[in-house]
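Colleague: I would like to see how this sequence folds:
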Amino acid sequence: LAVAFVGTAKADMYLRGNETFGNWATDYKMTQATDGTYYYVFTATSTADHYFCFSTKSGNDFNGSSIRPSNNNYNLTFGQPYSGNTYSGGSSNAYYLNLEKDKSYIIAFDNSDKRVVVTYATDNLYVLGGKNGSSGTSWVSNTGTQMTKTDDYVFVCDFEIATSQTCEEQFGFSTQLSSTSSDFSSIENYRFGAQQSSGNYLISNFPNTNISLGWGHDDDHSFKIATAGTYKLVLDYKMLKLSVYQTASITTNTKGYSTYVNSNPLNISYTPGITAYYATDRGNGSADAHKLSNPVSDTPMLLKADTEEAKIYYFAVVSSGTSLSEGTTNAFKAGSSTTASGLASTTDIKYNYILNGDAFYAANNQKVAVGKAYLQLSAQATSRALVFPDDEGTGICVVTATADNADAYYNLSGQRIATPSKGLYIVNGRKVIMK
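Modeller: As a prediction, the model looks like this:
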């Protein structure tokens, strides 16, 4: 899952401490996530209080480099985010908490707001409650929607709020499920919900981002959404932050492709299994495909799924997108009310191609609906006109003539002419003069 840095420079961060971490002179380089936060995954070698701090430098020099709680040693609460005053330098004060031998943990740190979180390391995360997790708003402990783990311990899933529900649907999260529907006691230490001191958290404005979660909260600290629809849940597990987005949907064809023009800015990277591309014309009858992760509104694009099947994909609607670099012209063009009636194969000495299955074909007055896109090149397409990044010779094919239009004559407006007279025509993608 790729998330762009926003005003965050890459920098090293180290974890120092005792017990599992050896001694205060030993440091462990933390992984920097794509959003700029840091985390370290480990297995505790003893059941004991573990003391630790963070440092921007390796080695024994603590002066000006260590990041510690400012008021004595601070006893963290497992699974509860902490953001407190810190100071840099010296060798006094540390964060600490009791960890269990042979259990795996994540220590995460955000240097921008000094947020510290310690949770279990896990590859599994479930949404409990709501329509997806169970029937209606009832809660069961053995059924849940499994979220998809992406990079840096960020989990995502599509979550439907049923149209038939008249009350807010409630949901929470757990790293484990029980063996029976009512056995909540066995997963009590693996559930978490809204961190606020009391009551459920109603999500009514979208996107609603970076909602703080707390470990061990039951269904009295649930999240609630009152409006029916399909939402994208994005949970940064290591930092215990939840973001909820409304969605836009597309359906791929049986080959796993679709063209699309988005009405709102999107985050494509929150949807595993599919990639979006814009294209740049090479000027020689071919084009390069470039990945899109956060397109602005009204960006024509090609969507390519990992599997060849007709399937619905949901994309997170976000507040803003990233425009193409200045001077970049997208070779994909948006369908309009005009193209919805039919698109000529050539317009203004440009060559137009529409998607059919896993290939583009000469437009030949086929319809391109509003919300769809077509490929426009400045020269007649080659047999392999669109080349994807890291492509090994399997770029999407552009076909300029098919069995039913081979050797057919078209005027310069793209209209098929059954009996051509004198003049200039397009035949198999080439200009021909009839005398």
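Colleague: Out of the helices and strands in this structure, which is least certain?
Modeller: Within the chain, no helix or strand scores below helix 130-133, which has a mean of 53 by mean pLDDT, DSSP states H and E.
Colleague: Quick one: residues contacting the residue nearest to residue 343 when sequence neighbours are not counted.
Modeller: Once flanking residues are discounted, residue 343 sits nearest to residue 363: 4.1 Å by C-beta to C-beta, 6 or more residues apart in numbering. C-beta here means a position set from N, CA and C on the backbone, and glycine is covered the same way. By C-beta atoms under 8 Å, 6 or more residues apart in numbering, residue 363 lies in contact with 343-345, 352-354, 374, 414.
Colleague: Specify which member of those residues is nearest to residue 15.
Modeller: Taking C-beta to C-beta as the measure, residue 15 lies nearest residue 374 of the contacts of residue 363, at 52.1 Å.
Colleague: Would you quantify the distance from that closest one to residue 343?
Modeller: From residue 374 across to residue 343, the span is 6 Å (C-beta to C-beta, to the nearest Å).
Colleague: Quickly list what's touching both of the two.
Modeller: What both residue 374 and residue 343 touch, as defined by C-beta under 8 Å, 6+ apart, is the set 352, 354, 363, 368.
Colleague: Quick check: next helix or strand after the helix or strand hosting the second one?
Modeller: In this structure, residue 354 is located in strand 350-356 according to DSSP states H and E. Of the helices and strands lying after strand 350-356 in sequence (DSSP H and E), the nearest is strand 359-362.
Colleague: what's the spacing between that following strand and its chain's center?
Modeller: On the basis of C-alpha atoms, centre = their mean, to the nearest Å, strand 359-362 sits 29 Å off its chain's mean C-alpha point.
Colleague: Looking at residue 374 and residue 343, which one has more neighbours?
Modeller: Each of residue 374 and residue 343 has its neighbours counted (other C-beta atoms under 10 Å); residue 343 has more, 24 against 21.
Colleague: For residue 88, see how far away that one is.
Modeller: 62 Å.
Colleague: Please apply the same query to residue 69.
Modeller: Residue 69 is 12 Å from residue 88, where distance means C-beta to C-beta.
Colleague: and those two? which has more neighbours close in?
Modeller: residue 69 (22 against 15).
Colleague: Low-confidence ranges, the stretch 101-250 of the chain, go.
Modeller: Residue ranges of the stretch 101-250 of the chain with pLDDT under 70: 130-138, 163-169, 217-219.
Colleague: Residue 205: neighbour count?
Modeller: Residue 205 has 7 nearby residues by other C-beta under 10 Å.
Colleague: That one: what secondary structure?
Modeller: When classified by DSSP: H, G, I helix; E, B strand; the rest coil, residue 205 comes out as coil.
Colleague: Which neighbouring elements make contact with the strand holding residue 354?
Modeller: If you count contacts as 3 or more C-beta pairs under 8 Å, 6 or more residues apart in numbering; DSSP states H and E, strand 350-356 packs onto strand 257-261, strand 359-362, strand 373-377.
Colleague: quick one: average pLDDT of the shortest one?
Modeller: In other words, strand 359-362. Here strand 359-362 scores 92 as its mean pLDDT.
Colleague: From the contact counts, what lies against that strand?
Modeller: Strand 359-362 is packed against strand 350-356, strand 397-399, with contacts defined by 3+ C-beta pairs under 8 Å, 6+ apart.
Colleague: and if you look at the first one?
Modeller: Using 3+ C-beta pairs under 8 Å, 6+ apart as the contact criterion, the neighbours of strand 257-261 among helices and strands are strand 241-251, strand 300-305, strand 350-356, strand 373-377.
Colleague: Within the sheet, what are the partner strands of the third one, with directions?
Modeller: It refers to strand 350-356. Within its sheet, strand 350-356 is paired with strand 346-347 (antiparallel), strand 359-362 (antiparallel), strand 373-377 (antiparallel), according to DSSP bridges.
Colleague: looking at those strands, which is closest to residue 216?
Modeller: Closest approach to residue 216 among the strands paired with strand 350-356 (C-beta to C-beta): strand 373-377, 48.1 Å.
Colleague: And the residue nearest in space to the middle of the chain, how far from residue 313?
Modeller: Among the residues of the chain, the one closest to the centroid is residue 270, at 1.5 Å (C-alpha atoms, centre = their mean). Distance, residue 270 to residue 313, using C-beta to C-beta: 11 Å.
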